[in-house]
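Participant: Below are the sequence and a predicted model for it; my questions follow.
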Amino acid sequence: MPEAGGAVMSLFTLLPLLFTPFGPAPLEKSVQQCQKEQSAELRLACYDALGRVTATAAAPTQNETGWRLDEDAMSGDMTLTRQAVPGAAFSVACLNTITHIRVRMTLPWEGESVTATTDGVPASGNWFVRDKGRLLEFGRGLPAIDELKRWSGQHELVLASASGREVRIPLTGMGEALKPLRQQCRW
């Protein structure tokens, strides 16, 4: 019976996890608290509770225009994402204060060239085909920032391959959605 009493007492150590605001320091303390649990079952329950709380704290936000903002709980890096048609996800990220523009493809891109237009007007051709055609990446840093500024206020970005494949990315609301990322990347 002493084991049951110890288990109940140890369960009380899990309760603070449910009400703890998470940042880097409290998260580290909570992990250390879980590591101190003697029982493997209680240790696992502690980690599970910790995972549920941090997942809730770092839940992405999505605005009414379809933009979704994610923030990495550990690094603070931000990624703004929007689904594109057909089968692609457009993202703008601030990683280590460097701006990145990427399009992740579900089906590989054919060829090595990408032609871009915004609202029918030719845009920069600074795109690279990576990861066996599964990733289209625009130049990083200042070139990416300059292009994002040009795209703000536009309605649609169209990426086309030499074979005629097109990916259409709605840009409506991007300027407003970019504000937190712009602050983080200091532009």
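Facilitator: Ah, there it is.

Participant: contacting residues for the closest residue in space to residue 139 that isn't next to it in sequence?
Facilitator: Once flanking residues are discounted, residue 139 sits nearest to residue 126: 4.4 Å by Cβ to Cβ, 6 or more residues apart in numbering. To be clear about C-beta, it is placed using only N, CA and C from the backbone, and glycine gets the same treatment. Residue 126 makes contacts with 138, 139, 143, 147, as judged by Cβ atoms under 8 Å, 6 or more residues apart in numbering.

Participant: For residue 126, give me phi and psi.
Facilitator: Backbone torsions for residue 126, taken as degrees, to the nearest 10, come to phi -90, psi 40.

Participant: measure it to residue 187 for me?
Facilitator: According to Cβ to Cβ, to the nearest Å, residue 126 and residue 187 sit 17 Å apart.

Participant: Likewise for residue 173?
Facilitator: Remark: distance between residue 173 and residue 187 (Cβ to Cβ) = 19 Å.

Participant: Same question for residue 32.
Facilitator: On the measure of Cβ to Cβ, residue 32 and residue 187 end up 38 Å apart.

Participant: Give me the more crowded residue out of the two.
Facilitator: residue 187 (17 against 9; other Cβ atoms under 10 Å).

Participant: Please verify my assumption that the more buried one contacts residue 99.
Facilitator: Yes. With contacts counted by Cβ atoms under 8 Å, residue 187 reaches residue 99, the gap being 7.1 Å.

Participant: Are there residues contacting both of these two? Which ones?
Facilitator: With Cβ under 8 Å, 6+ apart, residue 187 and residue 99 have common neighbours residue 145.

Participant: Most neighbours among the contacts of residue 126, which one?
Facilitator: Among those, residue 138 has the most neighbours (other Cβ under 10 Å), with 23 neighbours.

Participant: what pLDDT does that residue get?
Facilitator: Here the pLDDT value assigned to residue 138 is 95.
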